[in-house]
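A.B. asks: Please find the sequence and the predicted model below.
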Amino acid sequence: MNRLDGATAGLFVAWLAHDVEELATMRNTSRDILGSVPKWAPLPDELRRDGLSQAHVNLAIAIMGAGLAAASLDGWRSGGQGRLYQTCLHAFGLHGLSHIAGALVRRRYVTGVATAPVIVLPFWLFARRALKANQVRDTHSRLWPVIFLASGAVAHGLAHWATRRRPERNQ
């Protein structure tokens, strides 16, 4: 395996290693974080009160995993030039930075911060260097910051919709 293969196929591997931490910690940390969201923010009361269920966390991570697997395949297939791959690679780096920023702002542990500086950011820098060394031109979408925010919102929105309690029905 050469560096370019490592940079493309490795996106999914790095995401998976990082998300093992999120899988193990997001449920427990979400109640505190979501409970501190300002009241004006559109957040369902049960999430604000109870945080995310483990079923929600599992499903949201699986949804993101499908997207990252597709991005890694796009990168490997295209020799690193795929727009989906490059957009997700940029968003992955921003994701790592957001974990570190969140921990600094909250002045304590937030889910994902343990692996962000040792997995996410080193992989992101490695992949960017590998692309540059292989003279892969930049094809990523200029909308990658929006895509970064939207992808998490969509994954969590779908997970909330799929795992929320349904009202009891009289038979």
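C.D. replies: All right, it came through fine.
A.B. asks: how about residue 81, what does it touch?
C.D. replies: Residue 81 makes contacts with 136, 137, 139, as judged by CB atoms under 8 Å, 6 or more residues apart in numbering. Quick note: C-beta positions are derived from backbone N, CA and C, even for glycine.
A.B. asks: State the number of residues packed around residue 71.
C.D. replies: Burial measure for residue 71: 24 neighbouring residues, criterion other CB atoms under 10 Å.
A.B. asks: Could you number the chain from 15 rather than 1 from now on?
C.D. replies: I'll keep to 15 as the first residue from here, and by that count the last item is residue 85.
A.B. asks: re earlier: just put the contacts of residue 95 in TSV and tack on neighbour count, secondary structure and pLDDT.
C.D. replies: Formatted as TSV, the contacts of residue 95 follow (neighbours: other CB atoms under 10 Å; DSSP: H, G, I helix; E, B strand; the rest coil; pLDDT from 0 to 100):
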residue	neighbour count	secondary structure	pLDDT
150	21	coil	94
151	8	coil	89
153	14	coil	79
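A.B. asks: my guess is residue 165 meets residue 79, correct?
C.D. replies: No: counting by CB atoms under 8 Å, residue 165 does not reach residue 79; the two are 11.6 Å apart.
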